[in-house]
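# Could you work out the structure for the sequence below:
(2 chains)
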Protein chains: 2
Amino acid sequence: MKNVGVLLSGCGVYDGSEIHETVITLLTLERNGASTVCMAPDIAQHHVVNHFTGQPTEESRNVLVESARIARGEITDIKHVRTADLDALIIPGGFGAAKNFSDFAIKGKDTEVHPEVRRLITEIADAKKPIGAICISPAVVAKILEDRHPQVTIGNDLGTAEAIEAMGGSHTVCEVNSIHVDNENRIVTTPAYMLGPSISYVAEGIEKLVKKVLEMA
Amino acid sequence: MKNVGVLLSGCGVYDGSEIHETVITLLTLERNGASTVCMAPDIAQHHVVNHFTGQPTEESRNVLVESARIARGEITDIKHVRTADLDALIIPGGFGAAKNFSDFAIKGKDTEVHPEVRRLITEIADAKKPIGAICISPAVVAKILEDRHPQVTIGNDLGTAEAIEAMGGSHTVCEVNSIHVDNENRIVTTPAYMLGPSISYVAEGIEKLVKKVLEMA
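Residues are numbered from 1 along each chain as shown, chains lettered A, B, ... in the order given. The predicted structure follows:
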């Protein structure tokens, strides 16, 4: 049985992991015979967004604690995760990837990435284990692996695509129901809700991504 | 196109809607050609549970605002939802159904149900439109419709099953990957995470439930 890490950044599209993308990832992994390890960094969220109004609030929440909602409590602090225990890593989207793992949403190509996220993704790439990155999370992978010039999808957001190119990566146009494979770097990406329009379209791309990652693992 | 209401009670298994059950419901509805209307009451949660530790916290959160995380902001206050606009109603599980819609988790058979939840479920039942109820939420439906003696699943939790019977309902044994149909009351139920053990099993029952509800709508 292949063991796949799923790296979460909170719980909710505007300040954490995109919930639909995460659940579809977990379901598709299990339906294809993989076991999963959900993980997140034990840090404060960049901010909390009221998802009804779309406005930031004064609250503070913790990325590991909120991610535990999607994982039904079965989640590990990323600092305890060893690359040797994983066959692959998948990172769902949601603005948490661009706000909590990194400050990509604010600083673009000059973003800093959380050290444990940087450590794990670098180790997985060094070990030639496959990485799946969904929606906005390819931007984080592209930043960490910028010396390796990864090819990733990001949807059609021009600013994000330009930042990817500025970091030394290469942005690839891809439909929402499809994936792009960077065979050299063993990275699989899909635009998901960066393109939308709705859950069944997003699911089609994510299901292809998960199956490809498992095939490469 | 059939229009199906999805009634949410927050975001997270221990104090709101169960996230996996909700996302699988939304995905299966769209894949089977239905449009969806997510809704929730605009009330404070009974409490907030830290899903990493499993312990209650001092925070307060709002059911509509947290439910909006799963719905990506596309959600309506239940008080604005008209029965005439819906072809069916589905209620995912999670302890929010037993703590926020009602105090079933505390008072069992003597629970009170939020007036708007009671209003909508009664109207849907009176209109002979189908209701799908997942996991613990059949307990709320059984309470509201107690005079009609509904048959529902609840998994194998003895206390819950006894409360259903005490409310005049009838508890039906059902596997996690299956459904029970009360044809007289037009109620479809599945145990989901009341039985577990994991997402792919739960998905099988929910997919059957959604298809049956759409067939009856």
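# what bridges to residue A:171?
Note on residue A:171: beta-bridge partners residue A:152, judged by DSSP bridges.
# Just give the number of residues close to it.
24 (other Cβ atoms under 10 Å in any protein chain shown). Heads up, the C-betas are built off the backbone N, CA and C, glycines and all.
# which ones are touching it?
By Cβ atoms under 8 Å, 6 or more residues apart in numbering or on different chains, residue A:171 lies in contact with A:151-154, A:160-161, A:164-165.
# Go ahead and confirm residue A:200 touches residue B:31.
Yes. Taking contacts as Cβ atoms under 8 Å, residue A:200 lies within contact range of residue B:31: 5.1 Å.
# hang on, the earlier thing: can you redo the contacts of residue A:171 as JSON lines, where the extra columns are distance to residue B:91, neighbour count and pLDDT?
JSON lines is the format used below for the contacts of residue A:171 (distance: Cβ to Cβ, whole Å; neighbours: other Cβ atoms under 10 Å in any protein chain shown; pLDDT from 0 to 100):
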{"residue": "A:151", "distance to residue B:91": "44", "neighbour count": "19", "pLDDT": "96"}
{"residue": "A:152", "distance to residue B:91": "39", "neighbour count": "27", "pLDDT": "96"}
{"residue": "A:153", "distance to residue B:91": "36", "neighbour count": "31", "pLDDT": "95"}
{"residue": "A:154", "distance to residue B:91": "37", "neighbour count": "29", "pLDDT": "90"}
{"residue": "A:160", "distance to residue B:91": "38", "neighbour count": "21", "pLDDT": "90"}
{"residue": "A:161", "distance to residue B:91": "41", "neighbour count": "20", "pLDDT": "91"}
{"residue": "A:164", "distance to residue B:91": "42", "neighbour count": "27", "pLDDT": "92"}
{"residue": "A:165", "distance to residue B:91": "47", "neighbour count": "13", "pLDDT": "92"}
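# Can you name the two of those residues that sit furthest apart?
A:151 and A:160 (14.6 Å; Cβ to Cβ).
# Enumerate the residues of chain A near chain B.
Residues of chain A found near chain B (Cβ under 8 Å from any Cβ of the partner chain) are A:11-14, A:18-20, A:23-24, A:26-27, A:30-31, A:50-54, A:59, A:62, A:64-66, A:68-73, A:75, A:193, A:198-200, A:203.
# buried subset of those?
The neighbour count (16 or more other Cβ atoms under 10 Å in any protein chain shown) marks A:11-14, A:18-20, A:23-24, A:26-27, A:30, A:50-52, A:62, A:64-66, A:68-73, A:75, A:193, A:198-200, A:203 as buried among the residues of chain A next to chain B.
# Cross those residues against helices and list the overlap.
A:19-20, A:23-24, A:26-27, A:30, A:64-66, A:68-70, A:199-200, A:203 (DSSP state H).
# And stretch A:126-143, what's buried?
Neighbour counts over stretch A:126-143 (16+ other Cβ under 10 Å) mark A:129-143 as buried.
# Equivalent analysis for stretch A:164-184, please.
Neighbour-count burial for stretch A:164-184 flags A:164, A:167, A:169, A:171-172, A:174, A:176-177, A:179-182 (criterion: 16+ other Cβ under 10 Å).
# so what's residue A:34 up against?
Residue A:34 makes contact with A:1-4, A:87, A:214, according to Cβ under 8 Å, 6+ apart.
# cool, residue A:110 as well?
So residue A:110 contacts nothing (Cβ under 8 Å, 6+ apart).
# Repeat the analysis, applying 10 Å as the threshold.
Counting by Cβ atoms under 10 Å, 6 or more residues apart in numbering or on different chains, residue A:110 touches A:103-104, A:143, A:163, A:166-167.
# What of residue A:96?
Residue A:96 makes contact with A:8-18, A:40, A:45-46, A:63, A:66-67, A:102, A:105, A:136-137, according to Cβ under 10 Å, 6+ apart.
# cool, and residue A:11?
Residues near residue A:11 by Cβ under 10 Å, 6+ apart: A:17-19, A:22, A:40, A:45, A:61, A:63, A:65-71, A:94, A:96, B:11-12, B:19, B:51, B:66, B:69-70.
# Can you tell me what sits against stretch A:55-63?
Defining contact as Cβ under 10 Å, 6+ apart, one finds that stretch A:55-63 is touched by A:8-12, A:14-17, A:40-50, A:68, A:78, A:96, A:99-101, A:114, B:50, B:52, B:59, B:61, B:65.
# Mind giving me the packing neighbours of the lowest-mean-pLDDT helix or strand in chain A?
Least confident element among the helices and strands of chain A, by mean pLDDT, DSSP states H and E: helix A:104-107 (a mean of 85). Here helix A:104-107 touches helix A:96-99, helix A:138-144, helix A:158-166, going by 3 or more Cβ pairs under 10 Å, 6 or more residues apart in numbering or on different chains; DSSP states H and E.
# Flag whichever of the ones you listed has the least confidence on average.
Across the helices and strands packed on helix A:104-107, helix A:158-166 has the smallest mean pLDDT, namely a mean of 90.
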